[in-house]
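Trainee: Here is my input; please provide its structure:
(2 chains)
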Amino acid sequence: MDVPTLSAVKMAEGGEGWTHPFSKRKSLCVVTGGSRGFGRSVAVALAEEVARGSHIVVLGRNSESLRDTEKLSKAMSPHIQITTLFGDLSKCSVTGSIFACLRFQVDPTDYDHALLVNNAGSVGNVSRRTWEHGDPQELDSYFNLNVASAVSLTAKFLEFVRPGNLTCTIVNVTCDEAHRPMKCHSLYCAGKAAREMMFRVMAQEEPHLRILSYNPGPLETELKTTVMVEAADAEVREEIRRLRDDNQLIDPDVSARKLVQLLKEDLFKSGEIVNFHES
Amino acid sequence: MSSAGSSTVFGPATFCAVTGGSRGLGRSIAVVLAGRLGEGSRLVLTGRSLQGLQETKRQVEEKCPNYLEVKLVTGDMEDPTTYPAFFSDVFANTQPGAFKNAMMIHNAGTLGDLSKKAAEHSDPQILNKYYATNLTSAIALTAKFMEVFSGSGVRRTVVNISSGAAIEPLEYHSLYCSSKAARNMFFKVMAEEEPDVRVLSYSPGPMVTDMYYTIKSCGVKKVEDGCRIMESQGLIQNPDDSAQHLLTLLEEDKFKSGAFLDVFDRFSL
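Mentor: Numbers count the residues shown, from 1 in each chain, chains lettered A, B, ... in the order given. Got it, this is the predicted structure:
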């Protein structure tokens, strides 16, 4: 069942008094995997757009890099709060401690809108073929980080912001590989497929939530460089090399701004997958 | 219908492992297979219930001649640290050179807590155990299967028991849907990487099994109503029929490796 977004209804009413989720409304944003790459770009792009008094919480695994993300975000807007939290989401215990920690620093009732960007993830060991993924601990760790943590974080986030009665948006950062089988990427494909499906079910079950699976396109980040160098399959390495040489890799800042634009417009259908390349 | 040992896909000297063989579809697959495996074959059944496995073995032995060796391995896939010992058991005393065919059928699976919506799955330990049982174990077991039968000239087949839930979001089934979606993709990648292995994802359709009764009695009206509608349309099958359909697909051997096929032929890739 399609539930019209608040924005769509207000636009239809003639646009008067229409405010998108970000302007003039204090947002509480949590971005995972924010130490570098796309996560950092999203934190910075959000910092540029959110209203005064908003709060961006960035999770990551590298303290030093998190500090850089913090600096860049603060430079965008001195009127918002930036919090960085160190945590390795491949470990089960971390999602619980994140919110235990936040409870001391953040009161959800101070905000109007809540946004969670599930960006943290890894591509897995691309030098391994499907049948070489025999290490159970490695697989366990992989699916903890790439699937379980996104699910439990989302559930805990929603529980955390409930007392504030805020409008809520959940973003799942996805990719082509959720649908397109790619050699050397068996774990990545599996994890992304699991996430997309999880958030599609969530969108069906929770019509009051705004859920977006965003495909940022092939990004010019360390993740891609790793694949280009380490993938076991020569064709895969060549494909990334070609994307790079043809300038087809996208600047993560550009893709992040596109994501934020989509969130501002708030016109997407909940549960939908939107690709950077779609205009 | 082929008689025992005459099929080129199964035939004599076939190694076949079926997970979740203690009841339901796993049991049906084992029993239907029993009629197809030839001399020198070995059937390994895994599951959580030794009693259930023993009953499956009894039914298999009732059906087929004495030359089929049936081995039972009990284990719970929730804890990945137990996998190495478990997998060793599954493939113990397996001389790959003694087999012409090797088949791995990933049938074991659980539904997860059907009373919870996706946004309520907040306990990472529970999620971890769920994905271990339903995703990690199948991946790791496949790796072991391939390691055992690599470079031996054995014709290898891997079957992923899937579901329409892999492509259709179902309320209250977020864990099940997501794990099936993940498995489908994993095995599609495997098919791309390993052209010598026949890989099939098979959706058996709704069947009269304990799993179905769990769904039907989950306490969620929407889900229970859905079950009643399917029943009224005569869509709930005997798992033996679905198992039979799977074996027919395998024997006809026409599917594109990595395909996702369904008992009702509703979709194919």
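
Trainee: From the chain's centroid, how far away is the helix or strand harbouring residue A:188?
Mentor: Using DSSP states H and E, the secondary-structure element containing residue A:188 is helix A:186-205. Centroid displacement of helix A:186-205 relative to its chain, using C-alpha atoms, centre = their mean, to the nearest Å, is 13 Å.

Trainee: Could I get the average pLDDT for it?
Mentor: Averaging pLDDT along helix A:186-205 yields 97.

Trainee: Tell me the helix or strand right after that helix.
Mentor: The C-terminal neighbour of helix A:186-205 among helices and strands, as given by DSSP H and E, is strand A:210-215.

Trainee: That next one near chain B at all?
Mentor: No. Judged by C-beta under 8 Å from any C-beta of the partner chain, strand A:210-215 makes no contact with chain B; its nearest approach is 9.6 Å. Placement of C-beta: from N, CA and C, glycine included.

Trainee: Keeping just the C-alphas, turn that strand into PDB.
Mentor: Taking Å, rounded to 0.1, in the frame of the first residue of the first chain, the C-alpha atoms of strand A:210-215 are listed here in PDB:
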ATOM      1  CA  ARG A 210      10.800   6.200   4.700                       C
ATOM      2  CA  ILE A 211      13.200   3.500   3.500                       C
ATOM      3  CA  LEU A 212      15.600   4.000   0.600                       C
ATOM      4  CA  SER A 213      18.100   1.600  -0.900                       C
ATOM      5  CA  TYR A 214      20.600   3.800  -2.600                       C
ATOM      6  CA  ASN A 215      23.000   2.600  -5.200                       C
END
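
Trainee: Give me the pLDDT value at the residue positioned nearest the centre of chain B.
Mentor: Against the mean C-alpha coordinate of chain B, by C-alpha atoms, centre = their mean, the closest residue is residue B:107 at 1.8 Å. Residue B:107 is assigned a predicted lDDT (pLDDT) of 98.

Trainee: List the buried residues in the helix or strand containing residue B:228.
Mentor: Assigned by DSSP H and E, residue B:228 belongs to helix B:221-232. Neighbour-count burial for helix B:221-232, counted by 16 or more other C-beta atoms under 10 Å in any protein chain shown, picks out B:223, B:226, B:227.

Trainee: quick one: the helices in the chain?
Mentor: You didn't pick a chain, so chain A it is. Listed from the start of the chain, chain A has helices (DSSP state H) covering A:6-12, A:37-49, A:63-76, A:94-105, A:136-143, A:149-161, A:186-205, A:222-230, A:234-245, A:252-265.

Trainee: I was after chain B.
Mentor: Secondary structure of chain B, counting by DSSP H: helices at B:24-34, B:50-63, B:83-90, B:124-131, B:137-149, B:174-193, B:210-216, B:221-232, B:239-252.

Trainee: Deepest-packed of the ones you listed, please.
Mentor: With neighbours defined by mean count of other C-beta atoms under 10 Å in any protein chain shown, none of these is more surrounded on average than helix B:174-193, at a mean of 27.

Trainee: so what secondary structure elements neighbour it?
Mentor: With contacts defined as 3 or more C-beta pairs under 8 Å, 6 or more residues apart in numbering or on different chains; DSSP states H and E, the packing partners of helix B:174-193 are helix A:186-205, helix B:124-131, helix B:137-149, strand B:155-161, strand B:197-203, strand B:259-262.

Trainee: pLDDT on that helix, on average?
Mentor: 98.

Trainee: Just want the angle from it to helix A:186-205.
Mentor: Here helix B:174-193 runs at an angle of 150 degrees relative to helix A:186-205 (axes from the mean of the first three to the mean of the last three C-alpha atoms, to 10 degrees).

Trainee: could you dump helix B:174-193 to PDB, C-alpha only?
Mentor: Below are the C-alpha coordinates for helix B:174-193, written out as PDB (Å, rounded to 0.1, in the frame of the first residue of the first chain):
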ATOM      1  CA  SER B 174      12.500 -10.800   6.700                       C
ATOM      2  CA  LEU B 175      15.100 -13.200   8.000                       C
ATOM      3  CA  TYR B 176      14.000 -16.000   5.800                       C
ATOM      4  CA  CYS B 177      13.600 -13.800   2.700                       C
ATOM      5  CA  SER B 178      16.900 -12.200   3.200                       C
ATOM      6  CA  SER B 179      18.800 -15.400   3.700                       C
ATOM      7  CA  LYS B 180      17.200 -17.000   0.600                       C
ATOM      8  CA  ALA B 181      18.000 -13.900  -1.400                       C
ATOM      9  CA  ALA B 182      21.600 -14.100  -0.300                       C
ATOM     10  CA  ARG B 183      21.900 -17.800  -1.100                       C
ATOM     11  CA  ASN B 184      20.500 -17.300  -4.500                       C
ATOM     12  CA  MET B 185      23.100 -14.700  -5.300                       C
ATOM     13  CA  PHE B 186      25.900 -16.700  -3.800                       C
ATOM     14  CA  PHE B 187      25.100 -19.700  -5.900                       C
ATOM     15  CA  LYS B 188      24.700 -17.500  -9.100                       C
ATOM     16  CA  VAL B 189      28.200 -16.200  -8.500                       C
ATOM     17  CA  MET B 190      29.400 -19.800  -8.000                       C
ATOM     18  CA  ALA B 191      27.800 -20.800 -11.300                       C
ATOM     19  CA  GLU B 192      29.700 -18.000 -13.100                       C
ATOM     20  CA  GLU B 193      33.000 -19.000 -11.500                       C
END
